[in-house]
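Undergrad: Let's see this in three dimensions:
(one chain, ligands or ions: 1)
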Amino acid sequence: MKNVAYVYHPDYLLHIPPFEHPESPDRLIAINQHLESVGLLGTLVPVNPDYPDNGEILRVHDPDYLRKLELACRRGDLTLDSGDTYLNKNSYSIALLSAAGAIAGAEAVATGKADRAFCAVRPPGHHADRSEGMGFCLLNNAAITARYLQARHGVSKVMIIDWDVHHGNGTQSIFYEDPSVFFFSIHENPAFLYPGTGRRWETGKGAGVGTTLNAPMAPGAGDDEYRLAFEQLVAPAAERFRPEVLILSAGFDAHRDDPLADIQLTEEGFRFLSRFTIELANRFCGGKIVSLLEGGYERESLTRCTEIHIRELQKD
Ligand SMILES: [Zn+2]
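TA: Down below sits the predicted model:
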């Protein structure tokens, strides 16, 4: 049995949509209630992040963007100027706290306080680029975590696996020319789904050629297609790259009940994805996984899949 850190902060509920929106505080309330009701919460190592200093964030994001975001929140803007991402007056500080949660999960794993970490953070991060928030994301939690591990814990090679149903365009862009971070994303085909990137031929640039890998899946694809993609693409990629730590962008919106896309994964599919990535981490990374919540908008499937994912993280 592995010690799994559960990162959460009650202030995550203070990033509140000013209008009806799928990415709402209810998601984390539902996850916490469910994990409590099935007796899982008490078996996890609780980790509460502190508000970070900007230094960790500035390894990834432009200072001009941070100033712009802070100002927009202070001014009371309801959305970012990119349009599809809401704000309230707390959003800047809660985005910092979300990134801090991911960092705290990485810290727990890197220092041995826990073997693995699940970070129940929001707002999510994988669409946020260096200088632009989009798609409900303000700061790129996965990218900030990768840079944190490299800068503070001497990790040289990080692999990010993103199974959120939407392409992790922000994470891809941040590391597109960087051979030290391997980015794999599996998502619904961008011809049909936001944000419209993540084609097979997007494989990196310059020194980063070969360390970006995209698996776009046809609408209607499910457990079998995902299993094949992980076996045929992710396993050989990890074998070649030899990561020292795995970061998961664990969205649960590829579930068949999720309203935002047309991928048909079941709970068993998510169990397989969890198991498969844990086994990769066992093989290459001494079992080290930092898993970050991204999307997932249908309460029942979100909470059940989170439970399944955490139970797999607890197994050897
Ligand atoms: Zn998503």
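Undergrad: for this protein, longest strand please?
TA: Assignment by DSSP state E gives strand 181-188 as the longest strand of the chain.
Undergrad: With just CA atoms, put the helix or strand of the chain with the lowest mean pLDDT into CSV.
TA: Every helix and strand of the chain was ranked by mean pLDDT, DSSP states H and E. The lowest is helix 54-58, at a mean of 93. Taking Å, rounded to 0.1, in the frame of the first residue of the first chain, the C-alpha atoms of helix 54-58 are listed here in CSV:
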residue,chain,number,x,y,z
ASN,A,54,5.6,34.3,-7.7
GLY,A,55,9.0,32.9,-8.3
GLU,A,56,7.8,29.4,-9.0
ILE,A,57,5.1,30.7,-11.4
LEU,A,58,7.5,32.9,-13.3
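Undergrad: Run through who's touching that helix.
TA: Leu66, Leu96, Ala99, Ala100, Ile103, Leu139, Ile144, Arg147, Tyr148 (Cβ atoms under 8 Å, 6 or more residues apart in numbering). Placement of C-beta: from N, CA and C, glycine included.
Undergrad: And the host helix or strand of the fourth one, how far out from the chain middle?
TA: If I follow you right, that is Ala100. Under the criterion of DSSP states H and E, Ala100 resides in helix 91-111. Relative to the centre of its chain, helix 91-111 is centred 12 Å away, using Cα atoms, centre = their mean, to the nearest Å.
Undergrad: Who are the packing partners of that helix?
TA: strand 4-7, strand 45-47, helix 54-58, helix 63-75, strand 116-119, helix 141-153, strand 245-250, strand 289-293 (3 or more Cβ pairs under 8 Å, 6 or more residues apart in numbering; DSSP states H and E).
Undergrad: mind checking which of these is nearest Gly204?
TA: Among those, the nearest to Gly204 by Cβ to Cβ is helix 141-153 (15.0 Å).
Undergrad: contacts for the closest one?
TA: For helix 141-153, the surrounding residues in contact (Cβ under 8 Å, 6+ apart) are 56-57, 59-61, 98-99, 101-103, 105-107, 110, 119, 121, 124-126, 155-156, 158, 160, 162, 168, 170-171, 174-175, 180-181, 245, 247, 249, 290, 292.
Undergrad: Quick one: distance of the next helix or strand after the longest strand of the chain to the chain centre.
TA: Later in the chain than strand 181-188, the nearest helix or strand by DSSP H and E is strand 212-217. Relative to its parent chain, strand 212-217 has a centroid offset of 16 Å by Cα atoms, centre = their mean.
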